[in-house]
Every structure is written in structure tokens, then in C-alpha cells.
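[1] Sequence plus predicted model, see below.
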Amino acid sequence: MAFVVCEPCRDCKYTDCVVVCPCECFYQDERMLYIDPEHCIDCEACVPECPVDAIFRDTEVPAAWTQYVQLNAERSAELIKNGVGHVTQKQEPLIRGEQCQ
């Protein structure tokens with residue numbers, strides 16, 4: 001089991017969650033964060049840190065966002081393969097529009 005970053009993170013990228021992750025399994029691209037399901041230990045430390053409530057247990061992702069389970073797995077694997085996007089420290093959020101409030 002793993003946790004998944006969903007729609008509310010898109011175009012926001014708050015990174016409060018990455019600093020509490022004991023296994024450093026967060027990756028990012030220009031749009032959002034992703035959790036590597038292969039290394040997530042299901043500790044739930046990241047969930048309360050997300051200011052936009054974008055992180056869910058993979059079995060509890062809201063129906064409208066179920067595609068994010070696969071997206072997190074695919075994007076994190078691609079970023080790992082390319083050696084880019086690993087994020088372990090807090091960064092300035094990428095805030096676009098009203099959806100991130």
C-alpha cells in the first residue's frame with residue numbers, strides 16, 4: 001500500500017509534505033508532486049502536512065481522482081529513471097490561480 005498525490009496538488013506544489021517523509025519518496029515535475037509507491041512505507045506522515053489535502057491512501061483516493069494512483073507510479077518511475085525531480089526539502093510553492101487556497 002502507498003499514498004498518492006492527487007488533483008489539488010496540480011499547479012500548487014506545496015512541499016511541506018516532503019520534509020517529513022522518512023523514506024524520501026517524493027518526486028516532482030513542473031506541475032505537481034508524486035509519491036514513489038515502491039518506496040512509500042505507508043506511514044501517513046505526509047498527509048497532515050499537505051495544506052491542500054491532496055494526499056490519500058491509494059485505496060481511499062476519491063473516485064474522481066483514481067487515475068492519480070497510476071499517474072504517481074508512472075511519473076515517479078520516469079523521473080527516477082531520468083535521474084530528475086527528487087525532492088526532499090521545502091521549496092516555494094507553484095501557485096497558479098485560486099485553486100490552491
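    Noted; the coordinates are in hand. Numbers count the residues shown, from 1 in each chain.

[2] contacting residues for Thr59?
    By Cβ atoms under 8 Å, 6 or more residues apart in numbering, the contact set of Thr59 is Met1. C-betas here are computed from N, CA, C, even on glycine.

[3] could you measure it against Asn82, distance?
    Distance from Thr59 to Asn82, counting by Cβ to Cβ, to the nearest Å: 29 Å.

[4] now the strands for the protein?
    Here the chain has its strands, by DSSP state E, at 3-5, 26-28, 33-35, 55-57.

[5] can I get those in CSV with distance to Ala77?
    Shown next, in CSV, are these (distance: least, Cβ to Cβ, whole Å):
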stretch, distance to Ala77
strand 3-5, 14
strand 26-28, 9
strand 33-35, 9
strand 55-57, 19
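
[6] wait, which of those strands is closest to Val87?
    Closest to Val87 of these is strand 26-28 (Cβ to Cβ; 4.9 Å).

[7] Pull the residues that contact that closest one.
    Against strand 26-28 from outside (Cβ under 8 Å, 6+ apart): 13, 15, 17-18, 33-36, 46, 75-76, 79-80, 85-88.

[8] change it to 10 Å
    Under the criterion Cβ atoms under 10 Å, 6 or more residues apart in numbering, residues 5, 9, 13, 15, 17-19, 33-36, 39-40, 46, 72, 75-80, 84-88, 91, 94 lie in contact with strand 26-28.
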